[in-house]
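Build the 3D model from these lines:
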Amino acid sequence: MPRPIDPRTHGAMVAGLIEALGEAALSPSAEWRPGASAVRELEKQTTFAGSGLAAGGGSGFDVAALVVSLRDAVLEFANADEHAAVHQLFEWLTIIALDAFATAGAVSARERADQQIEEGTPVVLITPDVPAVLLLGAPSAATLDAILARCLLLVVRTGAKSLIIDVGGVGDPASPTMTEAADRFFAQTRLQPVELLLVGAPEASAQLWQSMATKRGVNLRALDRFDAAVGAALTRAGSSLVRRS
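So this is what the prediction gives:
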């Protein structure tokens, strides 16, 4: 590889590839083609290698270096009439390895983004009895469930009569991920006596949320501005918001 490594780190990975190569070599070179049963285990081990390098912090250069160096080692033992088949096979394996590397990297990046959104989404108390959540970005279903669970715990702990849900920072409040998470949230029986104040939703999205809440027997009201929601929540809590002249 184009950088110093500890060979033990990749020993098991390469051993799996070599074993699969040995199995493939038992078949005629004409059967070393993409998707053929003779190379199925080799394709699987190559996928593991690509995703393993992604998990270990490797780069695309590392993936290509691993496959190409293995190809060169195989060519030293292959008959001359098998060289073309070996080259074609390893071109295919390089594609598989890089695809697995990219897929694993994308999944890892998404998991990190979800963690950052979950940990960074404000779930706050405007006053001791007025909780609010300011949803951001495009959180996954699991992230939304975790955030809304924090909201429910805060509502229960404070005995709040209202909960402000600000979706102004969300990409699409009417997306299936958002609405399905909202519907699961509305199904919580602890929300029955609580008024939900939805802020920042376009009219169509607000109507959709309102319809879902009504079906669940939850009181939801859509407001245009956050300060209006704070005022409404304070009034319901028995306080008032006074504007100085």
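
going forward, measure contacts and count neighbours with C-alpha atoms only.
OK.

Pull out the buried residues from the helix ranked longest in the chain.
Among the elements of the chain assigned as helix by DSSP state H, the one spanning the most residues is helix 83-120. Of the residues in helix 83-120, those buried by neighbour count under the rule 16 or more other C-alpha atoms under 10 Å are 83, 85-87, 89-90, 93-102, 104-105, 113-114, 117-118.

Then stretch 205-219?
The neighbour-count check on stretch 205-219 (16+ other C-alpha under 10 Å) flags 205-206, 209-210, 212-213, 216, 218-219 as buried.

Where does pLDDT dip in this structure?
By pLDDT under 70, the weakly predicted segments of the chain are 1-3, 245.

what's the domain layout of it?
By the record's domain assignment, the chain is partitioned as 7-115, 121-236 (automatic domain parsing).

Please convert the buried residues of stretch 205-219 to a markdown table, extending it with secondary structure and distance to residue 55.
Listed next are these as a markdown table, based on DSSP: H, G, I helix; E, B strand; the rest coil; distance: C-alpha to C-alpha, whole Å:
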| residue | secondary structure | distance to residue 55 |
| --- | --- | --- |
| 205 | helix | 39 |
| 206 | helix | 41 |
| 209 | helix | 39 |
| 210 | helix | 43 |
| 212 | helix | 40 |
| 213 | helix | 42 |
| 216 | coil | 43 |
| 218 | coil | 44 |
| 219 | strand | 46 |
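
So which of the residues you listed is the closest to residue 195?
The nearest member of the buried residues of stretch 205-219 to residue 195, counting by C-alpha to C-alpha, is residue 219 at 5.1 Å.

quick one: the closest residue to that closest one other than its chain neighbours from residue 165, how far?
Spatial nearest neighbour of residue 219, excluding adjacent residues (C-alpha to C-alpha, 6 or more residues apart in numbering): residue 195 at 5.1 Å. Between residue 195 and residue 165 the computed distance is 11 Å (C-alpha to C-alpha, to the nearest Å).

middle-most residue in the chain, spatially?
What sits nearest the mean C-alpha location of the chain, by C-alpha atoms, centre = their mean, is residue 110, with 3.9 Å.

roughly how far apart are it and residue 103?
From residue 110 over to residue 103 the distance is 11 Å, taken as C-alpha to C-alpha.

Residue 61 now?
16 Å.

Then residue 68?
In this structure, residue 68 lies at 20 Å from residue 103, with C-alpha to C-alpha as the measure.

Need the three-state assignment for residue 239.
What DSSP: H, G, I helix; E, B strand; the rest coil gives for residue 239 is coil.

For it, give me its contacts.
The neighbourhood of residue 239, defined by C-alpha atoms under 8 Å, 6 or more residues apart in numbering, contains no residues.
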